[in-house]
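A.B. asks: Give me the fold of what follows.
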Amino acid sequence: MATADLKGTKLRFAFNDGLDEKGNAKYKYKSYSYIKGSATPDEMHSAAQSLAGLSEKNLFNVEKIQNFDINA
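C.D. replies: All right, here's what the predicted structure looks like:
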C-alpha cells in the first residue's frame, strides 16, 4: 500500500500589480516556506494578514501549498 509523507508546506501570496496593456489584472507572487503543516486555517490567515501588511502592494489571494513524497 502506498503512503504519502508530507515534505513541506508553503504559503503563496498573490499581490495586485496593476493592469497589463489589455486591462487584465497582473499579480506578483511571493512564497513563504517552513510553514507548520499542522497550523489551522485561522492561524495561517492571521499570519498571512500580518506578513501582507509589510508589503507596499495589496494582497489579492493566499494559497496553501503542500508537497508530499509518495512511497510504495
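A.B. asks: going forward, measure contacts and count neighbours with C-alpha atoms only.
C.D. replies: OK.
A.B. asks: Tell me which residue is most central in the chain.
C.D. replies: Geometric centre of the chain, nearest residue: residue 12, 2.0 Å, by Cα atoms, centre = their mean.
A.B. asks: Name whatever forms a beta bridge with that one.
C.D. replies: On the basis of DSSP bridges, residue 12 is bridged to residue 31, residue 63.
A.B. asks: you'd agree it is up against residue 64?
C.D. replies: Yes: Residue 12 is within contact range of residue 64, at 6.5 Å (criterion: Cα atoms under 8 Å).
A.B. asks: where does this structure have low pLDDT?
C.D. replies: Along the chain, segments meeting pLDDT under 70 are nowhere present.
A.B. asks: all strands of the chain, in order?
C.D. replies: Counting by DSSP state E, the chain has these strands, from start to end: 3-19, 25-32, 59-71.
A.B. asks: so who does residue 58 touch?
C.D. replies: By Cα atoms under 8 Å, 6 or more residues apart in numbering, the residues touching residue 58 are 15, 16, 52.
A.B. asks: Apologies, that question was intended for residue 18.
C.D. replies: Shown here is residue 18, whose contacts under the criterion Cα under 8 Å, 6+ apart are 25, 26, 27.
A.B. asks: one more time with 6 Å
C.D. replies: When contacts are counted by Cα atoms under 6 Å, 6 or more residues apart in numbering, residue 18 touches 25, 26.
A.B. asks: what's the distance between it and residue 63?
C.D. replies: 20 Å (Cα to Cα, to the nearest Å).
A.B. asks: do residue 43 as well
C.D. replies: According to Cα to Cα, residue 43 and residue 63 sit 13 Å apart.
A.B. asks: which of those two has more neighbours?
C.D. replies: When residue 43 is set against residue 63 and neighbours are counted by other Cα atoms under 10 Å, the residue ahead is residue 63, at 13 against 10.
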